[in-house]
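In: Fold the following and give me the result.
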Amino acid sequence: MSTRVGVLGATGAVGQRLIQLLAPHPDFEIAALTASGASAGRTYRDAAKWRVDSPIPEGVADATVVETDPEAVPDDVGLLFSSLPSGVGAAVEPEFVEAGYVVSSNSSNGRMDDDVPLTIPEINADHLGLIEVQRDERGWDGALIKNPNCSTITMVPTLAALDRFGLDRVHVSTLQAVSGAGYSGVTSMEIIDNVIPHIGGEADKMETESRKLLGSFDGAEVSLHEADVSASCNRVPTLDGHLENVWADLDEDPAPEAVAEAFESFPGIDLHSSPEQLIEVFEEPDRPQPRLDRNLGGGMAVAAGGIETTNRGVQFNCLAHNTMRGAAGASILNGELLLEEGYF
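Out: Below you'll find the model as predicted:
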């Protein structure tokens with residue numbers, strides 16, 4: 001029997017990708033679509049300017065959009081996926097959790113809160129234990145779980161694999177696709193024939209979220225990983241797929257072959273949306289590339305290549321599809337983990 005789910009912010013870019021992935025999902029059934037008051041009462045076909053590269057799923061196009069309000073969502077919805085703007089999410093998501101809903105959110109608000117799990121299931125599924133802390137401290141009946149920023153989620157699986165060598169310091173320079181800014185985030189006049197060497201707030205997210213994801217949970221709190229992380233974030237004129245150049249200082253001195261083995265052998269997790277191999281390694285020096293490699297593992301795998309040793313550790317490139325693994329797919333994977341662990 002499928003779990004009835006809803007999408008908060010269903011008309012936006014990530015909301016549309018959520019619907020594309022949820023419609024054929026074997027464990028979830030779309031039962032509620034919410035948006036702003038201006039869209040409430042309209043059919044989804046009329047409310048959403050559909051931009052995903054596949055038709056609106058049958059059964060969704062003619063569904064009625066409701067306001068983003070707990071009273072507008074049916075009580076039998078077991079899980080909500082949130083793609084709300086962070087300012088809206090900060091105000092609205094707690095209202096849904098207080099009303100008893102479990103929310104798997106892609107929104108950036110609250111990711112670093114001490115009692116909110118920031119989770120990549122293959123990396124730190126045990127952090128889900130923070131939900132009990134959250135419920136005790138806030139008196140919530142539901143639960144709030146977050147997935148990290150799209151640039152963070154590209155890099156962290158590779159760092160988790162490198163931690164066996166003693167991860168000490170990380171610097172990353174990103175080449176981020178325009179879809180990461182949303183449909184109206186970067187104009188064509190800004191990005192065509194150009195690179196924008198700054199993305200507001202992005203570096204801070206990478207530097208803090210990665211340490212929480214790699215941190216240890218003792219049953220009461222998460223201790224941040226001790227590695228020092230610094231980031232430089234750049235917008236480039238590719239459509240999808242964040243490519244990142246990473247320099248990692250390590251306590252040990254592994255050969256490139258050992259690093260590749262650590263990446264390739266890093267375990268996945270037995271959930272529907274998790275790829276069979278989490279990190280795929282290319283030997284070619286000019287791979288991975290966004291256009292060629294962003295859809296590995298159904299868009300849920302991380303690609304790595306260009307592995308070279310440095311005088312302090314290793315240098316490499318990594319790539320992931322930013323709206324699949326980095327956003328909608330990440331939220332759905334967290335929802336699958338919540339279902340597996342019996343949180344709704």
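In: in the chain, which spans are helices?
Out: Here the chain has its helices, by DSSP state H, at 13-22, 44-47, 86-98, 121-124, 130-138, 150-162, 188-191, 202-213, 256-264, 290-293, 329-340.
In: So which of those helices is nearest Glu226?
Out: Proximity to Glu226, assessed across the helices of the chain by CB to CB, is greatest for helix 202-213 (8.0 Å). Where you see a C-beta, it was placed from the backbone N, CA and C, and this is true even at glycine.
In: And the helices of the chain: which comes nearest Ile307?
Out: It is, among those and with distance given as CB to CB, helix 256-264, at 4.5 Å.
In: centre of the chain versus the closest one, how much separation?
Out: Centroid separation between helix 256-264 and its chain, computed with CA atoms, centre = their mean, to the nearest Å, is 24 Å.
In: sorry, back to before: okay, the helices of the chain in a markdown table with mean pLDDT next?
Out: Converted to a markdown table, the helices of the chain look like this (pLDDT from 0 to 100):
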| stretch | mean pLDDT |
| --- | --- |
| helix 13-22 | 96 |
| helix 44-47 | 95 |
| helix 86-98 | 97 |
| helix 121-124 | 98 |
| helix 130-138 | 97 |
| helix 150-162 | 98 |
| helix 188-191 | 95 |
| helix 202-213 | 98 |
| helix 256-264 | 98 |
| helix 290-293 | 98 |
| helix 329-340 | 98 |
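In: Out of those, which is closest to Leu33?
Out: With CB to CB, the closest approach to Leu33 among these belongs to helix 44-47: 5.6 Å.
In: How about the closest one, which residues are buried there?
Out: With burial defined by 16 or more other CB atoms under 10 Å, the residues of helix 44-47 counted as buried are 44, 47.
In: Dump it to PDB, restricted to CA.
Out: In PDB, the C-alpha atoms belonging to helix 44-47 read as follows (Å, rounded to 0.1, in the frame of the first residue of the first chain):
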ATOM      1  CA  TYR A  44      -2.000  22.200 -11.400                       C
ATOM      2  CA  ARG A  45      -1.900  22.500 -15.200                       C
ATOM      3  CA  ASP A  46      -3.000  26.100 -15.000                       C
ATOM      4  CA  ALA A  47      -1.000  27.000 -11.900                       C
END
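In: which other residues reach it?
Out: Identification of contacts with helix 44-47 by CB atoms under 8 Å, 6 or more residues apart in numbering yields 10-11, 33, 35, 39, 56, 60-65.
In: now swap in stretch 287-305 and tell me
Out: With contact meaning CB under 8 Å, 6+ apart, stretch 287-305 is reached by 154, 157-158, 177, 238-243, 260, 263, 273-285, 306, 316-321, 324-325, 329, 333.
In: Name only those of the residues you listed that count as buried.
Out: 154, 157-158, 177, 238, 240-243, 260, 263, 273-275, 277-282, 306, 316-321, 324-325, 329, 333.
In: Out of the residues you listed, list just those in strands.
Out: Per DSSP state E, strands hold the following members of those: 242-243, 279-281, 306, 316-320.
In: re the thing from before, which of the contacts of helix 44-47 are buried? Put it as a ChimeraX command.
Out: In ChimeraX, the members of the contacts of helix 44-47 classed as buried (16+ other CB under 10 Å) are selected with the following command:
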select :10,11,33,35,39,56,60,63,65
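In: Closest to Gly185 out of the contacts of helix 44-47?
Out: The shortest approach to Gly185 among those belongs to Thr11, at 15.5 Å (CB to CB).
In: Quick check, pLDDT for the closest one.
Out: On the pLDDT scale, Thr11 is placed at 95.
In: Which pLDDT value goes with the closest residue in space to it that isn't next to it in sequence?
Out: Excluding the flanking residues, the one nearest Thr11 by CB to CB, 6 or more residues apart in numbering is Ala48, at 4.1 Å. In the prediction, the pLDDT value recorded for Ala48 is 93.
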